[in-house]
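Enquirer: With the sequence up front, the predicted model follows.
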Amino acid sequence: AWFRHYEFVVRETPFTRLCETKNILTVNGLYPGPTIHVHKGETIVVDVYNMGNYNITLHWHGVKQPRFPWSDGPEYITQCPIQPGSNFSQKVIFSIEEGTLWWHAHSDWSRATVHGAIIVYPVQGTTYPFPLPNEEVVIQLGEWWKKDVMQVITEALTTGADPNTSDAFTINGEPGDLYPCSQPGTFQLNVVPGATYLLRIINAALNDIFFLSLANHSLTVVGSDGSYTKHFTTNYITISPGQTIDALLLANQPPGRYYMAARAYSSGNNVSFDNSTTTAVVQYCDPSCPLFQPPFFPDLPYYNDTFAYLNFSTSLRSLASESHPIDVPLNVTTQLISTVSVNTIPCPDNSCAGPNGTRVAASMNNISFVNPSIDILQAYYNNISGVFGDQFPHFPPYIFNFTADYPPLILEVPKRGTEVIVVDYESTVEFVLQGTNLVAGIEHPMHLHGYSFYVVGYGLGNYDKDKDPLTYNLVDPPLQNTVVVPRNGWTTVRFRADNPGVWFMHCHLERHLSWGMETVFIVKNGNDSNATLLPPPQDMPPC
Ligand code: C2O
Ligand code: CU
């Protein structure tokens, strides 16, 4: 079959931000990178050429890639990296998702600048479950480092310290006019009074969850993570790395200039917090833009307002209508409970730069994931032993008071390993993710490749297996590919294991991923040929 091709050339490109010029890794010289436009059900091929100086892989975040994890992208999970001077043609298969997704690098910290939007329109000839907007606008949130990001993470991993925070947050690649030297590039959206805009909002930042709002305007949320939601109107949104929110903006205010502003959300008391704010401007230019008027500033929730955070994220609901039915598993065949923890590992003579001379790490069920040297998918497909183990514990190794101020010290030191979760085809999986307060409690945006899951429950404190399931929403839970585990709290997700293959699951805070907060699902083949993993393409990058 013939598929539409995109050409993605990865290379170093000079960009100037915050009064300084540096080379960053880009796709086709763009930052943020090019937008992919497809219709639901289409397949495209992205021809990736690595003309940069780093090994790279690309991932299509939220795209299920049915039975074809070979071009899913995570380094050492489904492929070995594309080396400088090499190329790889990645088939991207759009099946059930519809709305806004995104693509990003999935090797080291290169996704800081190597990312872009994916817009999945409804099947040709059909339309949105809301009135057609006059215009669609991608809003990508990000972060800018003055230093080379690869150097930032390499140094952190060498010393054992928490990596440096970014120097600015960005909207569509621009810090906005509250930062030095940033006025000319500030993203501006010119609106026409009475018109409606579909904002496709993506959080592509490495390490920060955001609050975002627009002065004097409310937003009507209509979708998230590539599926539609019940509509609700709000004065602000919250969005974690990995998540997308689709929201309608009605230009119904007096002509003027209005700030759209985003600020990091962080409830953790030990977490260094950058309180700077990135801005864009929404302006009414009919008949002409009132250029000299200073924009109005929105009310953003306070940076540690957990109530505001939870209030937004728990308002997301599936449409669960006749035309958009849900398929939440009611009977669970595979139950998993995992802690998601930040840990520390002792260093000889307390010589590392983490807390008390330790090295910072992170874990799930007390295993800090170690990347193998050839990818797990290849090892699984070709029966190569010694690459990974299948002993990821289905329950925490110790039952303790996960969210106490002084948890058992022994759990601060995780084991290191490459353990995966193996489940049968068509199992119905329930996964409870339990945050802990081992080193510091913080939110964890957990993301699963190859699937979206229904978020059926959440709560603060320790998960209670007798009481909490009674509160699950099995009627219209949101279908997401990334869910935030509340600080010192828990979240339950459910999905049907109908996509055979090797699928990564990890915290989408990049520093936690670098520290080992991840595991892998291997979903076995079913019995008939429509339920089996497809063979690899010819041009898989060699290890
Ligand atoms: Cu946004 Cu592993 O992905
Ligand atoms: Cu995390």
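Expert: All right, it came through fine. Residues are numbered from 1 along each chain as shown. Ligands and ions are numbered 1, 2, ... in the order given.
Enquirer: For the rest of this, base every contact and every neighbour count on C-alpha atoms.
Expert: Will do.
Enquirer: surely L533 meets P500?
Expert: Yes. L533 is in contact with P500 according to C-alpha atoms under 8 Å; the separation is 5.6 Å.
Enquirer: Show me the common contact partners of these two, please.
Expert: 67, 525 (C-alpha atoms under 8 Å, 6 or more residues apart in numbering).
Enquirer: With adjacent residues omitted, what lies nearest to A156?
Expert: Once flanking residues are discounted, A156 sits nearest to P163: 4.9 Å by C-alpha to C-alpha, 6 or more residues apart in numbering.
Enquirer: can you check I201 too?
Expert: I139 (4.6 Å).
Enquirer: Pairing partners for whichever strand or helix holds V422, with directions?
Expert: Remark: V422 resides in strand 420-423, with elements defined by DSSP states H and E. Within its sheet, strand 420-423 is paired with strand 518-523 (parallel), according to DSSP bridges.
Enquirer: returning to that earlier point: distance of the residue nearest to I201 from T277?
Expert: According to C-alpha to C-alpha, to the nearest Å, I139 and T277 sit 15 Å apart.
Enquirer: How about Q243?
Expert: For Q243, the distance to T277 - C-alpha to C-alpha - is 19 Å.
Enquirer: Have a look at those two and say which one is more surrounded.
Expert: More crowded of Q243 and T277, by other C-alpha atoms under 10 Å: Q243, with 29 against 20.
Enquirer: Now the closest residue to L25 other than its chain neighbours. Its backbone dihedrals?
Expert: Nearest residue to L25 in three dimensions, chain neighbours excluded: E12, at 4.5 Å (C-alpha to C-alpha, 6+ apart). Per-residue torsions, E12: phi -70, psi 140 (degrees, to the nearest 10).
Enquirer: Same question for N28.
Expert: phi 50, psi 30.
Enquirer: ok, how many other residues are close to it?
Expert: Counted with other C-alpha under 10 Å, N28 comes out at 16.
Enquirer: so it makes contact with Y6?
Expert: No. N28 is not in contact with Y6 according to C-alpha under 8 Å; the separation is 10.7 Å.
Enquirer: So what's the residue count around the residue in the chain positioned nearest to ligand 2?
Expert: The chain approaches ligand 2 most closely through H444 (3.8 Å), counting by C-alpha to the ion. Using other C-alpha under 10 Å, H444 has 30 neighbouring residues.
Enquirer: Just checking the distance from the helix or strand that contains Q378 to the centre of its chain.
Expert: Element membership of Q378 [criterion: DSSP H and E] is helix 376-381. Centroid separation for helix 376-381 versus its chain: 24 Å, with C-alpha atoms, centre = their mean, to the nearest Å.
Enquirer: same check, this time on stretch 157-171
Expert: That offset, for stretch 157-171, works out to 17 Å (C-alpha atoms, centre = their mean).
Enquirer: Enumerate the positions of it that are buried.
Expert: In terms of neighbour count (16 or more other C-alpha atoms under 10 Å), stretch 157-171 has its buried residues at 157, 159-163, 165-171.
Enquirer: Could you export these as a markdown table, including secondary structure, pLDDT and distance to ligand 2?
Expert: Below are the buried residues of stretch 157-171 laid out as a markdown table (DSSP: H, G, I helix; E, B strand; the rest coil; pLDDT from 0 to 100; distance: C-alpha to the ion, whole Å):
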| residue | secondary structure | pLDDT | distance to ligand 2 |
| --- | --- | --- | --- |
| L157 | helix | 96 | 16 |
| T159 | helix | 97 | 20 |
| G160 | coil | 96 | 17 |
| A161 | coil | 94 | 16 |
| D162 | coil | 92 | 13 |
| P163 | coil | 93 | 14 |
| T165 | coil | 90 | 15 |
| S166 | coil | 93 | 17 |
| D167 | coil | 94 | 21 |
| A168 | strand | 95 | 21 |
| F169 | strand | 95 | 19 |
| T170 | strand | 97 | 21 |
| I171 | strand | 98 | 23 |
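Enquirer: Can you give me the neighbour number for the residue nearest to I201?
Expert: 22.
Enquirer: try the one 3 residues further on
Expert: Taking other C-alpha under 10 Å as the neighbour definition, G142 ends up with a count of 29.
Enquirer: What strands flank the host helix or strand of it, and is each parallel or antiparallel?
Expert: Using DSSP H and E, G142 sits within strand 135-144. With DSSP bridges as the test, strand 135-144 is paired with strand 168-171 (antiparallel), strand 196-203 (parallel).
Enquirer: Stretch 205-221 near ligand 2 anywhere?
Expert: No. Judged by C-alpha under 5 Å from the ion, stretch 205-221 and ligand 2 are separated, with a smallest distance of 8.9 Å.
Enquirer: Okay, now that stretch: how far is its last residue from its first?
Expert: 21 Å.
Enquirer: Bridged to the residue of the chain closest to ligand 2, which residues?
Expert: With DSSP bridges as the rule, H444 is bridged to V485.
Enquirer: so S368, which of the three states?
Expert: Under DSSP: H, G, I helix; E, B strand; the rest coil, S368 falls in the strand class.
Enquirer: was I right about it contacting V413?
Expert: No. With contacts defined as C-alpha under 8 Å, S368 does not count as touching V413, sitting 9.3 Å away.
Enquirer: higher neighbour count, the two?
Expert: Remark: of S368 and V413, S368 carries more neighbours, 27 against 22, as counted by other C-alpha under 10 Å.
Enquirer: tell me the pLDDT at that one?
Expert: Looking at S368, its pLDDT stands at 98.
Enquirer: and the gap between it and F402?
Expert: 17 Å.
Enquirer: Contacts only, for the residue of the chain closest to ligand 2.
Expert: Contacts of H444 by C-alpha under 8 Å, 6+ apart are 340, 435, 483-487, 507-509.
Enquirer: 10 Å instead?
Expert: By C-alpha atoms under 10 Å, 6 or more residues apart in numbering, H444 lies in contact with 209, 240-241, 340-342, 433-435, 482-490, 506-509, 512, 517.
Enquirer: Buried ones from those residues, can you make that a PyMOL selection?
Expert: Remark: buried members of these, expressed as a PyMOL selection using 16+ other C-alpha under 10 Å:
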select buried, resi 209+240+241+340+341+342+433+434+435+482+483+484+485+486+487+488+489+490+506+507+508+509+512+517
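Enquirer: Can you tell me which of the contacts of H444 end up in helices?
Expert: If you go by DSSP state H, those have H512 in helices.
Enquirer: Show me the chain divided up by domain.
Expert: 1-126, 130-318, 334-531 (automatic domain parsing).
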